[in-house]
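Engineer: Compute the structure for the input listed below.
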Amino acid sequence: MSKNKFIIIAAPSGSGKSSIVNMLLNDNNLKLNFSTSATTRPKRVNEVDGKNYYFFSKEKFKEKIKNNEFVEWEEVYKDTFYGTLINELENTTKNIVFDIDVIGGLNIKKLFPNKSLTIFIKPPSIEELEVRLRARMSDNESSIIERVKKAKLEMQSINKFDHVVENNILDDCYREVSNIVYNFVNDK
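Structural biologist: Numbering: from 1, shown residues only. I've put the predicted structure just below:
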């Protein structure tokens, strides 16, 4: 396993964690690698297999579970699995940033407590979160309802994170997150 530091950005779906992670990855002062998660959910229009996610069938994902190829994995929604492949954490000289669900993020922190920083990106409210999910127009109605329900549960884990940053205005949220990350990666 690498000796690099892990920056875990977790949040309910629609909170803006992917936007924050992309901004961190584009910050040349941080020089971070992205841990591409695996999932069984369908690929969205602009997503690239192997870049945004590794998209697997349920059968393939379960085969990888059986072969112990995951550091952590979870059935986030019914029949929809997400996980972090072991090989994503190996063979890199850079610190690694994770765009991950709340339970997965906490599981990585449990496994690597001394090298992990957890940041929870909090939506201004559940109502605003639902507005954002609808605005991105990538989920059907039942999926939105399921994601909002899950978000309410995930908000109960907020106190288990090292830092909580509210994403009301993206640039302000990013500024706060990047300061936290910069201090963490430069702390010897």
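
Engineer: Residue 136: neighbouring residues, count only.
Structural biologist: Using other Cβ atoms under 10 Å, residue 136 has 11 neighbouring residues. No exception for glycine: its C-beta is placed from N, CA and C like everyone else's.

Engineer: Please report how far it lies from residue 123.
Structural biologist: Separation of residue 136 from residue 123 (Cβ to Cβ, to the nearest Å): 13 Å.

Engineer: anything in contact with each of these two?
Structural biologist: Shared contacts of residue 136 and residue 123, defined by Cβ atoms under 8 Å, 6 or more residues apart in numbering, are found at residue 14.

Engineer: which other helices and strands contact the helix or strand harbouring residue 20?
Structural biologist: Assigning secondary structure by DSSP states H and E places residue 20 in helix 17-25. Helices and strands touching helix 17-25, as assessed by 3 or more Cβ pairs under 8 Å, 6 or more residues apart in numbering; DSSP states H and E, comprise strand 6-10, strand 32-35, strand 95-100, helix 170-186.

Engineer: closest one to residue 149 among the ones you listed?
Structural biologist: Between residue 149 and the helices and strands packed on helix 17-25, the shortest separation by Cβ to Cβ is 17.4 Å, and it involves strand 6-10.

Engineer: Quick one: list the elements packing against that closest one.
Structural biologist: Helices and strands touching strand 6-10, as assessed by 3+ Cβ pairs under 8 Å, 6+ apart, comprise helix 17-25, strand 95-100, helix 102-111, strand 116-122, helix 170-186.

Engineer: to the chain's geometric centre, what's the distance from it?
Structural biologist: Put simply, strand 6-10 sits 7 Å off its chain's centre (Cα atoms, centre = their mean, to the nearest Å).

Engineer: can I have that strand written out in PDB, keeping just the CAs?
Structural biologist: C-alpha atoms of strand 6-10 as PDB (Å, rounded to 0.1, in the frame of the first residue of the first chain):
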ATOM      1  CA  PHE A   6      -5.500  10.200   1.500                       C
ATOM      2  CA  ILE A   7      -7.900  13.200   1.200                       C
ATOM      3  CA  ILE A   8     -11.500  11.900   1.500                       C
ATOM      4  CA  ILE A   9     -14.200  14.100   0.200                       C
ATOM      5  CA  ALA A  10     -17.600  12.700   1.000                       C
END
